[in-house]
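K.L.:
I'd like to go over a predicted model; first the sequence, then the structure.
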Amino acid sequence: MKQGTKKGTSESFAIKIVTKAKLTEEDDKALQDEINILMEIRHPHIIRLYETFEDPKFYYLVTEEMYGGELFDRVVAKSYYNEKEARDATKVLLEALQYCHAQQVAHRDLKPENLLLQSPDDDSQIKIADFGFAKRLGAGGEESLTTQCGTPGYVAPEILEGVPYGTQSYVWSIGVIIFILLGGYPPCIEQDQKKRFNLIRKGNY
């Protein structure tokens, strides 16, 4: 990630640089899906993609700058959020999630590392970022997704079961994030991934 300034103005942007040689054909398609989704959606709590450029070696994604870092790092620094802070952050996340789902977009990797803070001085002004796994729902509607993807501690039971799922599954991910905000630790703690998945399937937190 680099910082860039628009010529002729003092506007500053973040520039994500992607090396083409490192992308598989599947990776390249996922990146194009991410670009297409981000260019179409507009919400105050979703990272804004302004433009994209490419040359023979790289893709360049020009996004707004976020100065507060990841929500994950903020939680680590604070240990946990108090109830008011958690409430304010959750309201922002649910509004952004509602917008995504109304646009038939599933983010598919909601976690504190993919939630960016606008300011180092504000704990609740959050934007959803990293739409690398995002997908538009197909003709099957709300239960048209089948790919098992996401970060293990945040995936819903139905995704682990391998059954078709929809946007509702990511309300589970928000629940995990709220739990972490309030407690400072994840709801299903287990080093062994198979055992962790069993806890998630049972809803045993």
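P.N.:
Great, that's in hand. Since this is a predicted model, take the numbers as computed values, not measurements. Numbers count the residues shown, from 1 in each chain.

K.L.:
Show me the domain layout of this protein.
P.N.:
Domain segmentation of the chain under automatic domain parsing yields 2-63, 71-202.

K.L.:
Give me the three-state assignment for residue 163.
P.N.:
In three-state terms, and counting by DSSP: H, G, I helix; E, B strand; the rest coil, residue 163 is coil.

K.L.:
try the one 4 residues further on
P.N.:
Local secondary structure at residue 167 is given as coil here, using three-state DSSP.

K.L.:
Not counting its neighbours along the chain, what's nearest it?
P.N.:
By the measure of CB to CB, 6 or more residues apart in numbering, the closest residue to residue 167 outside its immediate chain neighbours is residue 101, 4.1 Å from it. Just so you know, the C-beta spots here come from the backbone N, C-alpha and C atoms, and that holds for glycine as well.

K.L.:
what number of residues lie near residue 17?
P.N.:
Residue 17: 11 surrounding residues under other CB atoms under 10 Å.

K.L.:
Pull out the buried positions in stretch 58-70.
P.N.:
By neighbour count on 16 or more other CB atoms under 10 Å, the buried set for stretch 58-70 is 59, 61, 62, 63, 64, 66, 68, 70.

K.L.:
can you check stretch 84-104 too?
P.N.:
Counting neighbours by 16+ other CB under 10 Å, stretch 84-104 gives 85-86, 88-90, 92-93, 96-97, 99-101, 103 as buried.

K.L.:
Need those residues in TSV (columns: distance to residue 154, secondary structure and pLDDT).
P.N.:
Below are the buried residues of stretch 84-104 laid out as TSV (distance: CB to CB, whole Å; DSSP: H, G, I helix; E, B strand; the rest coil; pLDDT from 0 to 100):
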residue	distance to residue 154	secondary structure	pLDDT
85	20	helix	93
86	17	helix	94
88	21	helix	94
89	16	helix	93
90	15	helix	94
92	18	helix	94
93	13	helix	94
96	16	helix	95
97	13	helix	94
99	20	helix	95
100	16	helix	93
101	17	helix	90
103	21	coil	91
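
K.L.:
could I have stretch 59-77 exported to CSV, CA atoms only?
P.N.:
Taking only C-alpha atoms (Å, rounded to 0.1, in the frame of the first residue of the first chain), the coordinates of stretch 59-77 have been written out as CSV:
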residue,chain,number,x,y,z
TYR,A,59,-2.8,-3.3,-11.0
TYR,A,60,-3.3,-0.1,-9.1
LEU,A,61,-6.4,0.4,-6.9
VAL,A,62,-6.9,4.0,-5.8
THR,A,63,-8.9,4.1,-2.5
GLU,A,64,-9.6,6.6,0.2
GLU,A,65,-7.1,6.9,3.0
MET,A,66,-8.0,5.6,6.5
TYR,A,67,-5.9,6.9,9.3
GLY,A,68,-6.9,4.9,12.3
GLY,A,69,-5.6,1.4,11.4
GLU,A,70,-7.5,-1.9,11.8
LEU,A,71,-10.2,-2.5,14.3
PHE,A,72,-8.3,-5.6,15.4
ASP,A,73,-5.3,-3.4,16.5
ARG,A,74,-7.6,-1.0,18.3
VAL,A,75,-9.2,-3.8,20.3
VAL,A,76,-5.8,-5.1,21.2
ALA,A,77,-4.7,-1.7,22.3
